[in-house]
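Engineer: this one's structure only:
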């Protein structure tokens with residue numbers, strides 16, 4: 001049996017990938033649970049993941065979970081969560097992960113739409129009673145996965161699934177609309193996304209990764225695929241909070257960390273408290289995606305933290321679209337989203353779907369193995385794909401002659417003022433350079449005279465000089481921003497509204513608030 005990461009990425013199913021890695025490096029660690037006290041840290045090997053997941057699969061089978069059974073789970077980032085997910089993959093069940101911060105409205109929607117027959121919760125976690133919420137929602141088959149995962153003799157289990165093209169995962173979109181959509185994935189689409197991410201980052205078996213975001217996010221299986229392909233471990237953080245988590249990064253020698261732009265900014269804040277030394281001595285790479293990255297953040301990380309930063313482009317529907325490579329040029333790493341892997345087609349089109357030439361802004365459309373199979377709602381699927389099978393993302397950008405993708409915003413982020421198109425991202429990137437700006441979101445608001453007016457919503461760092469509309473417009477003029485793009489409204493907030501996964505700014509909430 002072949003042992004290279006590229007050969008393993010040919011695995012047809014998630015379980016086959018787990019099994020093959022366990023046979024190659026059975027005694028190497030794969031998961032390290034970082035606890036507040038180092039003495040409480042727990043480690044699971046690749047063979048341990050395979051063997052315990054099979055026993056849990058047998059326990060679930062005794063409870064009535066079968067191939068195709070829909071099982072919802074709402075669990076934090078812990079060993080037990082990944083064991084349960086692996087056990088469901090062994091059974092060939094359909095699993096629907098739910099972000100642990102969601103409450104009755106979102107959870108009830110997910111349970112109803114997916115028709116889940118079982119629901120795994122963490123009991124009472126961080127002061128919230130999940131079983132009680134399950135009772136309110138009348139959730140079927142609820143069990144506390146953290147009290148005791150069910151285990152049994154795996155000898156009675158049916159054969160593991162052989163086909164990786166059946167829908168076995170239902171993920172939920174979040175952050176851009178008030179109601180989530182159920183996104184349908186297969187083992188192969190998730191393996192394709194994770195393998196592309198791993199190859200782009202140039203990781204090796206000597207690395208030590210980290211998962212500080214909710215494993216229920218689409219990035220969870222992405223990251224697990226990386227570990228299985230390259231045979232290195234990841235440190236799990238049930239709660240990402242700095243500076244508390246720093247000890248876990250340091251004592252386990254984490255070499256690659258990240259999550260999204262908000263994570264980079266949090267690391268930078270801690271680095272600036274003690275600029276004379278390296279925040280995490282072993283760290284060589286910050287990597288992530290899921291939200292726009294201002295170029296200044298890239299330069300600040302490299303300059304102040306002494307490590308590389310690679311950022312990519314992904315979404316619930318397509319977990320890995322493009323990724324910056326650590327050996328790319330600083331210009332491309334700062335100002336682009338990287339290049340797509342082999343097998344990912346990016347088509348830039350006009351609003352009618354006509355392909356546009358390189359370096360021409362248009363709508364981003366995608367086709368490839370990592371693209372989801374659609375949505376639970378067939379009407380949403382029909383609306384999301386064009387006649388050539390490309391997913392219509394709603395993102396705007398262009399592809400450079402070098403193949404690098406540059407995102408310029410979303411279709412909803414194009415502000416049309418007096419008939420002129422204005423890119424919100426262009427203004428946001430300039431605002432991020434201002435020393436009194438911690439984060440910024442630019443939105444278009446209805447205006448009877450102009451059609452839309454430009455509104456800048458700014459979050460300031462502690463102790464920063466108070467900003468005014470006149471000072472912001474003067475700064476933007478000095479940075480060369482055209483007069484017709486200048487904000488006409490400024491709102492300074494204590495904190496921008498964000499989702500609880502990758503801390504993406506919820507612009508729809510800002511539009512609702514200030515419209």
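Structural biologist: Ah, there it is. In this text, all values refer to a predicted model and were calculated from it rather than measured experimentally. Numbering: from 1, shown residues only.

Engineer: now for the helix of greatest length in the chain, which elements pack on it?
Structural biologist: Within the chain, and with DSSP state H defining each element, the longest helix by residue count is helix 46-63. Applying 3 or more C-beta pairs under 8 Å, 6 or more residues apart in numbering; DSSP states H and E, we find helix 46-63 packed against helix 14-24, strand 29-33, helix 79-91. All C-beta atoms are positioned from the backbone trio N, CA, C, and that covers glycine.

Engineer: 10 Å instead?
Structural biologist: Contact analysis of helix 46-63 by 3 or more C-beta pairs under 10 Å, 6 or more residues apart in numbering; DSSP states H and E lists helix 14-24, strand 29-33, strand 42-45, helix 79-91, strand 118-121, helix 219-230 as its packing neighbours.

Engineer: rebuild these as TSV, extending it with mean pLDDT.
Structural biologist: Listed next are the helices and strands packed on helix 46-63 as TSV, based on pLDDT from 0 to 100:
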stretch	mean pLDDT
helix 14-24	97
strand 29-33	98
strand 42-45	98
helix 79-91	98
strand 118-121	98
helix 219-230	95
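
Engineer: closest to residue 461 out of these?
Structural biologist: Taking C-beta to C-beta, helix 219-230 is the member of the helices and strands packed on helix 46-63 nearest to residue 461, at 27.1 Å.

Engineer: distance from the chain centre to the closest one, please.
Structural biologist: Distance of helix 219-230 from the chain centroid (C-alpha atoms, centre = their mean, to the nearest Å) equals 13 Å.

Engineer: so the longest helix of the chain versus helix 79-91, what angle?
Structural biologist: Counting by axes from the mean of the first three to the mean of the last three C-alpha atoms, to 10 degrees, helix 46-63 points 70 degrees away from the direction of helix 79-91.

Engineer: if we go by neighbour counts, what in helix 46-63 is buried?
Structural biologist: By neighbour count on 16 or more other C-beta atoms under 10 Å, the buried set for helix 46-63 is 46-50, 52-61.

Engineer: likewise for stretch 300-320?
Structural biologist: Applying 16+ other C-beta under 10 Å to stretch 300-320 flags 300-302, 305, 307-320 as buried.

Engineer: again with stretch 117-137
Structural biologist: For stretch 117-137, using 16+ other C-beta under 10 Å, the buried residues are 117-122, 125, 130-131, 133-134, 137.

Engineer: and if you look at stretch 66-74?
Structural biologist: 69-74.

Engineer: cool, and stretch 406-418?
Structural biologist: Residues of stretch 406-418 classed as buried: 406-410, 413-415, 417 (neighbour count, 16+ other C-beta under 10 Å).

Engineer: sort out for me which of those are in helices.
Structural biologist: Among those, no member falls in helices (DSSP H).

Engineer: how about a markdown table for those residues, with distance to residue 268 and pLDDT added?
Structural biologist: Shown next, in a markdown table, are the buried residues of stretch 406-418 (distance: C-beta to C-beta, whole Å; pLDDT from 0 to 100):
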| residue | distance to residue 268 | pLDDT |
| --- | --- | --- |
| 406 | 23 | 94 |
| 407 | 22 | 90 |
| 408 | 25 | 84 |
| 409 | 24 | 78 |
| 410 | 25 | 75 |
| 413 | 25 | 77 |
| 414 | 30 | 77 |
| 415 | 29 | 87 |
| 417 | 33 | 84 |
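
Engineer: show me the strands in the stretch 151-300 of the chain, by range?
Structural biologist: Secondary structure of the stretch 151-300 of the chain (DSSP state E, counting those that start in this stretch): strands at 167-172, 182-186, 209-211, 234-236, 256-259, 285-288.

Engineer: hey, least reliable of those strands by pLDDT?
Structural biologist: Among those, strand 256-259 has the lowest mean pLDDT, at a mean of 92.

Engineer: okay, residue 429 and residue 297: tell me how far apart.
Structural biologist: 10 Å (C-beta to C-beta, to the nearest Å).
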